[in-house]
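Novice: Give the three-dimensional model of this entry:
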Amino acid sequence: MDKIRPFALAVLLALTATAAHARDQFGGFKEYIDRGSLRPFTRDLGGILGSASFHSGRSLGISGFDVGVHAGMQFKPEADDKVLRGAGQHLFGLPWAQGEIGMPFGIDGFIRGVSYQGLTIAGGGLRWGITKGNDKPWDPNLLISALAHSVTHTDFSASHASANLVASVNAPYATPYIGVGFDRTRVVVRSSALDPSLAGEAVVTFEGRVTAGVTVRPWKFIYAQAAYTNAHGQHGADVGLGLRF
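Specialist: This next block holds a predicted model:
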């Protein structure tokens, strides 16, 4: 147990760093967006929005709840994403608060969101446990999830939808998990300094995502999770810290 707690501290530091780094990272959108970079930017944004939405293949069960802070990050923007690269962003990501509640029939509902410096993201979704949730050692759990987001920024707006299949296994002191899914993302340009004719232009992307991670419980009801994510061929990570019953 003592060896798990440094892992939780590392997750907390990663969350803090992501939140601090996220300030105004989309502030260069109006300055750098052009037709060639709109699609790569949309893929990068969708990969982040779809990340960190699960950390176990087990549903919460009736009256269960989970509240925490999570973050998704990508280690570098796509080569043609001039918005993030032009603004000097290398590693980039988004933190958000997330709340979940268990409902009948193995269904969980959850909401998540963040708002800062001209950017507002609101989202949520449902999960359904394909297997009946249990905590027996080495027993697998399997669920599917669907979520959606609405994004509002001073210079663009976006919508995002995602679906995932998640599997996990109950190991001593830890829950390894793996998930596969896709992200459908639509971005609409509000303003562009480089090309004013882009105002109102929209692009839609549909990309895959794979995640593999582990959740640990350093204390009885407190968990920490960290995962590697590959979204549309780009490397990244998910982290989270929360309270789960």
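Novice: Can you tell me the SS state at Gln25?
Specialist: At Gln25 the chain is in coil, as set by DSSP: H, G, I helix; E, B strand; the rest coil.
Novice: mind listing what it touches?
Specialist: 84, 87, 89, 92 (CB atoms under 8 Å, 6 or more residues apart in numbering). The way it works is simple: take the backbone N, C-alpha and C, and place the C-beta from them, glycine included.
Novice: Tell me which two of those residues sit farthest apart.
Specialist: Pairwise distances across those peak at 9.1 Å for Ala87 and Phe92 (criterion: CB to CB).
Novice: Which parts of the protein are strands?
Specialist: 65-74, 92-103, 107-116, 119-129, 140-153, 156-169, 174-189, 202-219, 222-231, 234-244 (DSSP state E).
Novice: What separation do you get for the nearest residue to Thr154 once chain neighbours are set aside and Val151?
Specialist: Leaving aside its chain neighbours, Thr154 sits nearest to Gly118 (4.2 Å; criterion: CB to CB, 6 or more residues apart in numbering). From Gly118 over to Val151 the distance is 11 Å, taken as CB to CB, to the nearest Å.
Novice: Between these two, point out the one with more neighbours.
Specialist: Shown here are Gly118 and Val151; by other CB atoms under 10 Å, Val151 has more neighbours (22 against 13).
Novice: How about the contacts made by the residue nearest to that one when sequence neighbours are not counted?
Specialist: Leaving aside its sequence neighbours, Val151 sits nearest to Ala158 (CB to CB, 6+ apart; 3.8 Å). Residues counted as contacts of Ala158 (CB under 8 Å, 6+ apart) are 42, 45, 49, 149-151, 185-188.
Novice: now Gly125, which residues is it bridged with?
Specialist: Assessed by DSSP bridges, Gly125 has beta-bridge partners Phe110, Leu147.
Novice: What about it, how many residues nearby?
Specialist: Residues near Gly125, counting by other CB under 10 Å: 21.
Novice: Of Ala87 and Phe92, give the one with the bigger neighbour count.
Specialist: Phe92 (24 against 18).
Novice: Give me the distance between the more buried one and Pro77.
Specialist: Taking CB to CB, one finds Phe92 at 7 Å from Pro77.
Novice: can you list residues touching both of the two?
Specialist: Residues touching both Phe92 and Pro77 (CB under 8 Å, 6+ apart) are 44, 84.
Novice: Could I get the strands of the chain in a markdown table, plus columns for mean pLDDT and distance to Ile4?
Specialist: Below are those laid out as a markdown table (pLDDT from 0 to 100; distance: least, CB to CB, whole Å):
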| stretch | mean pLDDT | distance to Ile4 |
| --- | --- | --- |
| strand 65-74 | 92 | 17 |
| strand 92-103 | 92 | 22 |
| strand 107-116 | 93 | 25 |
| strand 119-129 | 94 | 25 |
| strand 140-153 | 96 | 20 |
| strand 156-169 | 97 | 17 |
| strand 174-189 | 96 | 8 |
| strand 202-219 | 94 | 5 |
| strand 222-231 | 94 | 8 |
| strand 234-244 | 93 | 13 |
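Novice: The residue nearest the centre of the chain - nearest residue in space that isn't next to it in sequence?
Specialist: In the chain, the C-alpha nearest the mean C-alpha coordinate belongs to Ser51, at 2.5 Å (CA atoms, centre = their mean). Leaving aside its sequence neighbours, Ser51 sits nearest to Gly72 (CB to CB, 6+ apart; 2.8 Å).
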